[in-house]
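Student: Give me a 3D structure for the following:
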Amino acid sequence: VCGALSTCDPGNVLTETLARLKAANIRVSTIALAAEMHVCRKIADETGGVLGVSLDRPHLRDWLIAQCVPPPSLRQDHMDRRSAGCEMIQMGFPTRTKSDIPTLVHATRDTKLLARTSY
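Tutor: Residues are numbered from 1 along each chain as shown. Below you'll find the predicted structure:
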């Protein structure tokens with residue numbers, strides 16, 4: 001979210017920072033509250049992100065909600081070019097364990113919580 005009409009960045013954003021963002025495959029999207037800035041448009045276009053200017057409060061809300069859903073992660077082939085397919089991102093979920101002996105589940109300065117079942 002950007003609310004400025006100008007920038008005063010250390011270094012050259014369009015040559016140094018933009019190259020680093022592209023090398024790291026970081027997608028940058030910006031929601032402008034005031035006006036569209038060239039530097040934000042250039043970074044969004046070059047990294048595959050989007051730039052939007054909010055017109056009013058409901059429009060800003062719509063832009064923010066649209067950014068909450070992540071875009072698909074694109075698969076890279078052996079020649080380091082992006083292909084059209086998507087790859088799965090492995091996620092870990094906690095497993096529930098049971099024990100015959102109570103174990104420490106949560107502790108603060110004042111209380112200690114022991115339980116036989118935990119995640």
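
Student: Nearest residue to the middle of the protein?
Tutor: The structure's the chain has its C-alpha centroid closest to residue 70; by CA atoms, centre = their mean the separation is 7.7 Å.

Student: tell me which element that residue falls in.
Tutor: Residue 70 belongs to no helix or strand when elements are defined using DSSP states H and E.

Student: Alpha carbons of the longest helix seen in the chain, in CSV - could you do that?
Tutor: Ranked by residue count, the top helix of the chain under DSSP state H comes out as helix 57-68. Coordinates of each C-alpha in helix 57-68 appear next as CSV, following Å, rounded to 0.1, in the frame of the first residue of the first chain:
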residue,chain,number,x,y,z
ARG,A,57,-13.1,3.1,0.4
PRO,A,58,-15.0,0.2,-1.2
HIS,A,59,-12.6,0.1,-4.1
LEU,A,60,-9.6,-0.1,-1.7
ARG,A,61,-11.4,-2.9,0.2
ASP,A,62,-11.9,-4.8,-3.1
TRP,A,63,-8.2,-4.4,-4.0
LEU,A,64,-7.1,-5.5,-0.6
ILE,A,65,-9.3,-8.6,-0.7
ALA,A,66,-8.1,-9.4,-4.2
GLN,A,67,-4.5,-9.4,-2.9
CYS,A,68,-5.4,-11.9,-0.1
